[in-house]
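>>> Give the three-dimensional model of this entry:
(one chain, ligands or ions: 2)
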Amino acid sequence: MNLKGRNFLKLLDFKTEEISYLIDFAKILKSEKKAGIKHKLCEGKNIVLLFEKTSTRTRCAFEVAGKDLGLGVTYLEPTTSQMGDKESIEDTAKVLGRMYDGIEYRGFSQDTVEKIAKYAGVPVWNGLTDEFHPTQILADFLTIQEQLGKLKGVNFVYMGDARFNMGNSLMVGCAKMGINFTACTNKKYFPKKELIDTCLEIAKETGAKICFEEDVEKATKNADVIYTDIWVSMGESKEIWQERIKDLLPYQVNKKVMDNAKKDAIFMHCLPAFHDRETTIGKEIGEKYNLNGLEVTDEVFRSSQSVVFEQAENRMHTIKAVMASTL
Ligand code: CP
Ligand code: NVA
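Ligands and ions are numbered 1, 2, ... in the order given. Take a look at the predicted model:
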(Lines give C-alpha, C1' and ligand atoms only; values in the text may rest on other atoms or scores of the structure.)
(Ligands and ions follow the chains in the order given, each with its own letter.)
Protein backbone atom coordinates (compact mmCIF):
# COMPACT_ATOMS: atom_id res chain seq x y z
CA MET A 1 0.00 0.00 0.00
CA ASN A 2 1.56 3.31 -1.03
CA LEU A 3 -0.14 6.47 0.26
CA LYS A 4 2.96 8.68 -0.02
CA GLY A 5 2.14 12.24 -1.06
CA ARG A 6 -1.63 11.76 -0.56
CA ASN A 7 -3.83 14.28 1.25
CA PHE A 8 -6.24 13.12 3.96
CA LEU A 9 -9.21 15.46 3.47
CA LYS A 10 -12.24 13.14 3.60
CA LEU A 11 -12.90 9.40 3.64
CA LEU A 12 -14.73 9.66 0.30
CA ASP A 13 -11.27 10.03 -1.31
CA PHE A 14 -10.09 6.66 0.08
CA LYS A 15 -10.77 3.06 -0.92
CA THR A 16 -11.99 0.52 1.63
CA GLU A 17 -8.62 -1.27 1.61
CA GLU A 18 -6.74 2.01 2.13
CA ILE A 19 -8.84 2.79 5.21
CA SER A 20 -8.27 -0.76 6.50
CA TYR A 21 -4.56 -0.35 5.92
CA LEU A 22 -4.44 2.88 7.98
CA ILE A 23 -6.34 1.23 10.85
CA ASP A 24 -4.05 -1.84 10.77
CA PHE A 25 -0.95 0.34 10.62
CA ALA A 26 -2.21 2.34 13.62
CA LYS A 27 -2.65 -0.95 15.51
CA ILE A 28 1.02 -1.80 14.89
CA LEU A 29 2.19 1.69 15.90
CA LYS A 30 0.08 1.46 19.06
CA SER A 31 1.56 -1.86 20.12
CA GLU A 32 5.08 -0.63 19.36
CA LYS A 33 4.50 2.45 21.50
CA LYS A 34 3.13 0.32 24.36
CA ALA A 35 6.22 -1.93 24.11
CA GLY A 36 8.53 1.09 24.22
CA ILE A 37 9.72 0.51 20.63
CA LYS A 38 10.66 3.80 18.99
CA HIS A 39 9.42 4.55 15.46
CA LYS A 40 11.01 7.78 14.27
CA LEU A 41 9.87 7.08 10.73
CA CYS A 42 9.86 10.73 9.56
CA GLU A 43 13.03 12.09 11.18
CA GLY A 44 14.23 15.39 9.69
CA LYS A 45 10.81 16.45 8.37
CA ASN A 46 8.59 19.27 9.69
CA ILE A 47 4.84 19.78 9.92
CA VAL A 48 2.59 22.73 10.73
CA LEU A 49 -0.75 22.57 12.55
CA LEU A 50 -3.14 25.32 11.50
CA PHE A 51 -6.15 25.71 13.81
CA GLU A 52 -9.04 28.15 13.21
CA LYS A 53 -11.14 26.42 15.90
CA THR A 54 -10.19 25.23 19.38
CA SER A 55 -9.02 21.68 20.12
CA THR A 56 -7.67 19.41 22.82
CA ARG A 57 -7.51 15.90 21.30
CA THR A 58 -6.70 16.69 17.68
CA ARG A 59 -3.94 19.17 18.43
CA CYS A 60 -2.34 16.97 21.10
CA ALA A 61 -2.67 13.87 18.91
CA PHE A 62 -0.86 15.59 16.02
CA GLU A 63 1.83 16.99 18.33
CA VAL A 64 2.57 13.75 20.21
CA ALA A 65 2.33 11.59 17.08
CA GLY A 66 4.59 14.06 15.25
CA LYS A 67 7.21 13.97 17.99
CA ASP A 68 7.09 10.16 18.17
CA LEU A 69 7.76 10.08 14.42
CA GLY A 70 10.74 12.43 14.80
CA LEU A 71 8.98 15.39 13.16
CA GLY A 72 9.47 19.06 13.95
CA VAL A 73 6.03 20.50 14.84
CA THR A 74 4.79 24.13 14.63
CA TYR A 75 1.37 25.11 16.02
CA LEU A 76 -0.36 28.13 14.44
CA GLU A 77 -3.64 29.60 15.63
CA PRO A 78 -5.63 32.19 13.65
CA THR A 79 -4.58 35.09 15.83
CA THR A 80 -0.88 34.36 15.28
CA SER A 81 -0.92 33.80 11.51
CA GLN A 82 -1.69 36.11 8.61
CA MET A 83 -4.17 33.72 6.95
CA GLY A 84 -7.53 35.25 6.14
CA ASP A 85 -6.97 38.84 7.31
CA LYS A 86 -3.81 39.78 5.44
CA GLU A 87 -3.01 36.77 3.30
CA SER A 88 -5.19 34.58 1.11
CA ILE A 89 -5.60 30.85 1.65
CA GLU A 90 -3.78 30.25 -1.65
CA ASP A 91 -0.75 32.34 -0.68
CA THR A 92 -0.62 30.90 2.83
CA ALA A 93 -0.71 27.35 1.45
CA LYS A 94 2.09 28.13 -1.00
CA VAL A 95 4.27 29.63 1.75
CA LEU A 96 3.69 26.78 4.21
CA GLY A 97 4.28 24.21 1.46
CA ARG A 98 7.75 25.69 0.86
CA MET A 99 8.75 25.24 4.51
CA TYR A 100 6.88 22.21 5.75
CA ASP A 101 6.53 18.60 4.63
CA GLY A 102 2.90 18.34 5.79
CA ILE A 103 0.05 20.62 6.90
CA GLU A 104 -2.84 19.92 9.28
CA TYR A 105 -5.85 22.25 9.06
CA ARG A 106 -8.91 22.63 11.32
CA GLY A 107 -11.50 25.20 10.37
CA PHE A 108 -14.93 25.91 9.01
CA SER A 109 -15.47 25.13 5.36
CA GLN A 110 -14.31 21.93 3.64
CA ASP A 111 -13.52 24.16 0.63
CA THR A 112 -10.73 25.81 2.63
CA VAL A 113 -8.90 22.58 3.40
CA GLU A 114 -9.39 21.44 -0.21
CA LYS A 115 -7.94 24.77 -1.38
CA ILE A 116 -4.92 24.47 0.93
CA ALA A 117 -4.31 20.99 -0.47
CA LYS A 118 -4.59 22.32 -4.03
CA TYR A 119 -1.86 24.90 -3.54
CA ALA A 120 0.46 23.52 -0.84
CA GLY A 121 2.26 20.86 -2.87
CA VAL A 122 2.69 18.75 0.31
CA PRO A 123 0.24 16.39 2.07
CA VAL A 124 -2.62 18.18 3.85
CA TRP A 125 -4.64 16.51 6.65
CA ASN A 126 -8.15 17.59 7.67
CA GLY A 127 -8.31 18.05 11.44
CA LEU A 128 -12.08 18.90 11.26
CA THR A 129 -14.27 21.09 9.11
CA ASP A 130 -18.01 21.71 9.36
CA GLU A 131 -18.55 18.93 6.81
CA PHE A 132 -16.07 16.20 7.79
CA HIS A 133 -13.82 14.96 10.61
CA PRO A 134 -12.02 12.04 8.95
CA THR A 135 -9.17 11.44 11.44
CA GLN A 136 -11.79 10.98 14.18
CA ILE A 137 -13.41 8.16 12.21
CA LEU A 138 -10.16 6.21 11.92
CA ALA A 139 -9.81 6.36 15.72
CA ASP A 140 -13.44 5.31 16.14
CA PHE A 141 -13.09 2.35 13.81
CA LEU A 142 -9.86 1.20 15.48
CA THR A 143 -11.76 1.34 18.78
CA ILE A 144 -14.70 -0.66 17.41
CA GLN A 145 -12.34 -3.28 16.03
CA GLU A 146 -10.55 -3.56 19.40
CA GLN A 147 -13.83 -3.77 21.32
CA LEU A 148 -16.00 -5.90 19.01
CA GLY A 149 -13.32 -7.73 16.99
CA LYS A 150 -14.71 -6.63 13.61
CA LEU A 151 -16.11 -3.77 11.54
CA LYS A 152 -18.08 -5.44 8.74
CA GLY A 153 -21.66 -6.21 9.75
CA VAL A 154 -21.54 -4.16 12.97
CA ASN A 155 -24.85 -2.35 13.70
CA PHE A 156 -23.92 1.26 14.29
CA VAL A 157 -26.48 3.84 15.46
CA TYR A 158 -25.72 7.56 15.45
CA MET A 159 -28.05 9.70 17.59
CA GLY A 160 -28.40 13.49 17.55
CA ASP A 161 -27.24 16.00 14.95
CA ALA A 162 -26.49 13.74 11.98
CA ARG A 163 -26.02 16.47 9.37
CA PHE A 164 -22.78 17.98 10.66
CA ASN A 165 -19.16 16.78 10.55
CA MET A 166 -19.55 13.69 12.76
CA GLY A 167 -22.78 12.35 11.29
CA ASN A 168 -21.52 12.93 7.73
CA SER A 169 -18.13 11.31 8.25
CA LEU A 170 -19.45 8.36 10.21
CA MET A 171 -22.04 7.65 7.50
CA VAL A 172 -19.32 7.75 4.82
CA GLY A 173 -16.93 5.63 6.93
CA CYS A 174 -19.61 3.03 7.67
CA ALA A 175 -20.59 2.82 3.99
CA LYS A 176 -16.94 2.30 3.02
CA MET A 177 -16.29 -0.38 5.66
CA GLY A 178 -19.51 -2.40 5.37
CA ILE A 179 -20.85 -1.23 8.74
CA ASN A 180 -24.65 -0.90 9.02
CA PHE A 181 -25.30 2.79 9.73
CA THR A 182 -28.53 4.19 11.17
CA ALA A 183 -29.05 7.88 11.81
CA CYS A 184 -31.56 7.94 14.68
CA THR A 185 -32.81 11.50 14.99
CA ASN A 186 -35.46 14.05 14.16
CA LYS A 187 -35.64 14.15 10.34
CA LYS A 188 -34.52 17.81 10.37
CA TYR A 189 -31.09 16.45 11.33
CA PHE A 190 -30.65 13.76 8.67
CA PRO A 191 -27.59 14.28 6.40
CA LYS A 192 -28.00 16.01 3.01
CA LYS A 193 -29.65 13.96 0.28
CA GLU A 194 -26.65 14.23 -2.04
CA LEU A 195 -24.30 12.70 0.54
CA ILE A 196 -26.85 10.02 1.41
CA ASP A 197 -27.10 9.07 -2.27
CA THR A 198 -23.31 8.85 -2.55
CA CYS A 199 -23.18 6.60 0.51
CA LEU A 200 -25.98 4.38 -0.79
CA GLU A 201 -23.94 3.85 -3.98
CA ILE A 202 -20.81 2.95 -1.95
CA ALA A 203 -22.87 0.65 0.27
CA LYS A 204 -23.97 -1.39 -2.78
CA GLU A 205 -20.32 -2.48 -3.10
CA THR A 206 -19.59 -3.10 0.59
CA GLY A 207 -22.93 -4.53 1.77
CA ALA A 208 -23.49 -1.79 4.37
CA LYS A 209 -27.08 -0.85 5.19
CA ILE A 210 -27.68 2.90 5.44
CA CYS A 211 -30.89 3.76 7.32
CA PHE A 212 -32.71 6.78 8.76
CA GLU A 213 -35.14 6.39 11.65
CA GLU A 214 -36.97 8.76 13.98
CA ASP A 215 -38.18 6.01 16.32
CA VAL A 216 -35.56 5.44 19.04
CA GLU A 217 -36.76 2.02 20.13
CA LYS A 218 -36.80 0.68 16.57
CA ALA A 219 -33.43 2.20 15.65
CA THR A 220 -31.48 1.10 18.71
CA LYS A 221 -32.80 -2.47 18.90
CA ASN A 222 -29.89 -4.81 18.05
CA ALA A 223 -27.36 -1.98 18.01
CA ASP A 224 -23.72 -2.91 18.67
CA VAL A 225 -22.62 0.71 18.89
CA ILE A 226 -24.51 3.80 20.08
CA TYR A 227 -22.68 6.99 19.10
CA THR A 228 -23.49 10.62 19.79
CA ASP A 229 -21.88 14.08 19.56
CA ILE A 230 -22.66 17.51 21.03
CA TRP A 231 -25.86 19.17 19.77
CA VAL A 232 -24.34 22.60 19.05
CA SER A 233 -21.02 22.38 17.24
CA MET A 234 -18.08 24.77 17.12
CA GLY A 235 -18.92 27.79 14.99
CA GLU A 236 -22.69 27.53 15.61
CA SER A 237 -24.51 30.22 17.56
CA LYS A 238 -25.35 29.79 21.25
CA GLU A 239 -28.84 31.03 20.36
CA ILE A 240 -29.77 27.67 18.86
CA TRP A 241 -29.46 25.67 22.11
CA GLN A 242 -33.15 26.05 22.86
CA GLU A 243 -34.24 24.66 19.50
CA ARG A 244 -31.67 21.84 19.63
CA ILE A 245 -32.79 20.76 23.09
CA LYS A 246 -36.40 20.70 21.97
CA ASP A 247 -35.58 18.72 18.82
CA LEU A 248 -32.88 16.40 20.15
CA LEU A 249 -33.69 15.65 23.80
CA PRO A 250 -35.78 12.64 22.65
CA TYR A 251 -32.51 11.36 21.13
CA GLN A 252 -30.42 11.66 24.28
CA VAL A 253 -28.33 8.54 24.98
CA ASN A 254 -29.53 7.33 28.38
CA LYS A 255 -29.82 4.01 30.18
CA LYS A 256 -33.11 3.17 28.49
CA VAL A 257 -31.44 3.52 25.08
CA MET A 258 -28.44 1.38 26.11
CA ASP A 259 -30.74 -1.26 27.63
CA ASN A 260 -32.67 -1.47 24.37
CA ALA A 261 -29.45 -2.14 22.40
CA LYS A 262 -27.52 -5.44 22.46
CA LYS A 263 -26.39 -6.55 25.92
CA ASP A 264 -22.70 -5.94 25.14
CA ALA A 265 -23.25 -2.77 23.06
CA ILE A 266 -20.68 0.01 23.45
CA PHE A 267 -21.23 3.74 23.88
CA MET A 268 -19.06 6.11 21.82
CA HIS A 269 -18.57 9.88 21.62
CA CYS A 270 -15.89 11.91 19.83
CA LEU A 271 -15.72 14.31 22.82
CA PRO A 272 -15.91 16.91 24.25
CA ALA A 273 -19.24 15.83 25.83
CA PHE A 274 -21.90 17.50 27.94
CA HIS A 275 -22.68 14.72 30.42
CA ASP A 276 -22.79 16.76 33.64
CA ARG A 277 -22.60 20.38 34.85
CA GLU A 278 -18.79 20.43 35.21
CA THR A 279 -18.25 22.82 32.27
CA THR A 280 -19.26 26.44 31.79
CA ILE A 281 -21.73 25.61 29.02
CA GLY A 282 -22.94 22.41 30.72
CA LYS A 283 -23.67 24.41 33.88
CA GLU A 284 -25.36 27.31 32.09
CA ILE A 285 -27.56 25.14 29.85
CA GLY A 286 -28.12 22.57 32.61
CA GLU A 287 -29.44 25.21 35.01
CA LYS A 288 -31.55 26.94 32.37
CA TYR A 289 -33.30 23.76 31.17
CA ASN A 290 -33.01 21.74 34.38
CA LEU A 291 -30.86 19.05 32.78
CA ASN A 292 -27.79 17.28 34.15
CA GLY A 293 -26.60 15.73 30.91
CA LEU A 294 -27.42 16.80 27.38
CA GLU A 295 -26.61 14.44 24.50
CA VAL A 296 -25.64 11.70 26.98
CA THR A 297 -26.39 11.11 30.65
CA ASP A 298 -23.56 10.94 33.16
CA GLU A 299 -24.65 7.40 34.00
CA VAL A 300 -24.02 6.14 30.44
CA PHE A 301 -20.91 8.26 29.96
CA ARG A 302 -19.26 6.74 33.03
CA SER A 303 -20.63 3.21 32.55
CA SER A 304 -18.54 0.15 31.70
CA GLN A 305 -20.10 0.24 28.19
CA SER A 306 -18.48 3.61 27.49
CA VAL A 307 -15.25 3.52 25.44
CA VAL A 308 -14.86 7.28 24.96
CA PHE A 309 -11.36 7.52 26.42
CA GLU A 310 -10.15 4.57 24.32
CA GLN A 311 -11.38 6.56 21.30
CA ALA A 312 -9.52 9.65 22.51
CA GLU A 313 -6.25 7.72 22.89
CA ASN A 314 -6.69 6.15 19.48
CA ARG A 315 -6.75 9.61 17.89
CA MET A 316 -3.00 9.72 18.44
CA HIS A 317 -2.20 6.26 17.05
CA THR A 318 -4.37 6.71 13.95
CA ILE A 319 -3.15 10.24 13.19
CA LYS A 320 0.38 8.86 13.47
CA ALA A 321 -0.49 6.22 10.87
CA VAL A 322 -1.88 8.89 8.53
CA MET A 323 1.22 11.08 8.81
CA ALA A 324 3.72 8.23 8.55
CA SER A 325 1.94 6.84 5.45
CA THR A 326 1.55 10.08 3.55
CA LEU A 327 4.84 11.83 4.34
N1 CP B 1 -12.75 14.91 19.07
C2 CP B 1 -12.04 16.02 18.81
O3 CP B 1 -11.77 16.38 17.67
O4 CP B 1 -11.65 16.70 19.91
P5 CP B 1 -10.96 18.15 19.95
O6 CP B 1 -11.97 19.15 19.50
O7 CP B 1 -10.54 18.32 21.37
O8 CP B 1 -9.78 18.12 19.01
N1 NVA C 1 -19.44 18.31 15.99
C2 NVA C 1 -18.40 18.74 16.90
C3 NVA C 1 -17.26 17.77 16.86
C4 NVA C 1 -16.17 18.08 17.85
C5 NVA C 1 -15.03 17.12 17.76
C6 NVA C 1 -17.95 20.13 16.51
O7 NVA C 1 -17.75 20.39 15.32
O8 NVA C 1 -17.83 20.98 17.40
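
>>> For residue 169, list the residues it contacts.
By CB atoms under 8 Å, 6 or more residues apart in numbering, the contact list for residue 169 reads 10, 11, 132, 133, 134, 136, 137. (Each C-beta comes from the backbone N, C-alpha and C, glycine too.)

>>> got a list of what the closest residue to residue 152 other than its chain neighbours touches?
Spatial nearest neighbour of residue 152, chain neighbours left out: residue 178 (4.0 Å); criterion: CB to CB, 6 or more residues apart in numbering. Listed by CB under 8 Å, 6+ apart, the contact partners of residue 178 are 16, 151, 152, 153, 206, 207, 208.

>>> One more pass at 10 Å, please.
Taking CB atoms under 10 Å, 6 or more residues apart in numbering as the definition of contact, the neighbours of residue 178 are 16, 150-154, 202-203, 205-209.

>>> All the helices of the stretch 1-150 of the chain, residue numbers only.
Taking DSSP state H, counting those that start in this stretch as the test, the helices found in the stretch 1-150 of the chain are 16-34, 57-68, 89-99, 110-120, 134-148.

>>> Quick check, residue 140 in contact with residue 225.
Yes - in this structure, residue 140 sits in contact with residue 225. The criterion is CB atoms under 10 Å, and the distance is 8.8 Å.

>>> Can you check the pLDDT for residue 42?
At residue 42, the model reports a pLDDT of 98.

>>> Count the neighbours of it for me.
For residue 42, the number of neighbouring residues by other CB atoms under 10 Å comes to 22.

>>> I figured it was touching residue 123, is that so?
No - with contacts counted by CB under 10 Å, residue 42 stays clear of residue 123, the gap being 11.1 Å.

>>> Report the set of residues contacting both of these two.
Residues touching both residue 42 and residue 123 (CB under 10 Å, 6+ apart) are 101, 102, 323, 326, 327.

>>> picking up where we left off before, residue 140 and residue 225 - which one has more neighbours?
For residue 140 and residue 225, the more surrounded residue by other CB under 10 Å is residue 140, and the numbers stand at 29 against 26.

>>> before we move on, back to that, need the overlap of contacts for residue 140 and residue 225.
Among the neighbours of residue 140, those also in contact with residue 225 (CB under 10 Å, 6+ apart) are 156, 170, 174, 268, 307.

>>> quick check, nearest of the residues you listed to residue 297?
Taking CB to CB as the measure, residue 268 is the one of those closest to residue 297, at 14.8 Å.

>>> Can you give the contact residues for stretch 233-240?
Contacting residues not belonging to stretch 233-240 are listed as 52-55, 106-109, 128-130, 133, 161, 164-166, 230-232, 244, 247, 272, 281, 284-285 [CB under 10 Å, 6+ apart].

>>> near ligand 2, from those residues?
Filtering those for proximity to ligand 2 (criterion: CB under 6 Å from any ligand atom) leaves 164, 165, 166, 230.

>>> Quick one: neighbours of the last one, just the number.
Meaning residue 230. Under the neighbour criterion other CB under 10 Å, residue 230 is assigned a count of 22.

>>> what about it, which SS state?
Look at residue 230: counting by DSSP: H, G, I helix; E, B strand; the rest coil, its state is coil.

>>> In contact with it, which residues?
160-161, 164, 166, 236, 244, 269-274, 281, 294-296.

>>> was I right about residue 256 contacting residue 217?
Yes - because the distance of 8.9 Å satisfies CB under 10 Å, residue 256 is recorded as touching residue 217.

>>> how about the residues of the stretch 201-327 of the chain near ligand 2?
Selection of the stretch 201-327 of the chain residues close to ligand 2 by CB under 6 Å from any ligand atom yields 229, 230, 233, 234, 270.

>>> Mind checking which of the contacts of residue 230 are in helices?
166, 244, 281 (DSSP state H).
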